[in-house]
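[1] Got a predicted structure here, sequence first:
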Amino acid sequence: MKKVFSNYGTKLSSFCCGIFGHHYAVSKRVTFHIKEYKCIHCQKEVTTDVSGNLSSLTPERQDINNTLEHLYQKKHRTTTQQVA
């Protein structure tokens, strides 16, 4: 099913987010503590920073999250293989 948004719909959604706040849903789980979120209305992306607060998902932070996810998966893959 294809999602179609008119310009009016996205402007209205952004306006509602400006008044009522964003409604974030987890879009990617980087590690156990770090996740990436996306607003279901205006598609704004944020991530958790070092202190646990939400901050904008810039290309630099996205690259950091991708590297961290790779290292996290590599560490947990080797520990599960050693146990088995």
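    Arrived safely. Numbers count the residues shown, from 1 in each chain.

[2] surely residue 23 meets residue 42?
    No - assessed by C-beta atoms under 8 Å, residue 23 is found out of contact with residue 42, at 9.2 Å. For every residue, glycine as well, the C-beta is placed using N, CA and C.

[3] Have a look at the two and say which one is more surrounded.
    Neighbours per residue, other C-beta atoms under 10 Å: of residue 23 and residue 42, the larger number sits with residue 42, 17 against 14.

[4] so that one makes contact with residue 22?
    Yes - at 7.0 Å, residue 42 and residue 22 qualify as touching, with contact defined as C-beta under 8 Å.

[5] Check which element follows the worst-scoring helix or strand of the chain on mean pLDDT along the chain.
    Here the helix or strand of the chain ranked lowest by mean pLDDT, DSSP states H and E is helix 7-20, holding a mean of 73. Note on helix 7-20: by DSSP states H and E, the next helix or strand toward the C-terminus is strand 24-29.

[6] Show me what the strand or helix carrying residue 76 is packed against.
    Assessed by DSSP H and E, residue 76 sits inside helix 59-83. Applying 3 or more C-beta pairs under 8 Å, 6 or more residues apart in numbering; DSSP states H and E, one finds that helix 59-83 contacts strand 45-48.

[7] list the buried ones in the strand it packs on?
    Residues of strand 45-48 classed as buried: 45-48 (neighbour count, 16 or more other C-beta atoms under 10 Å).
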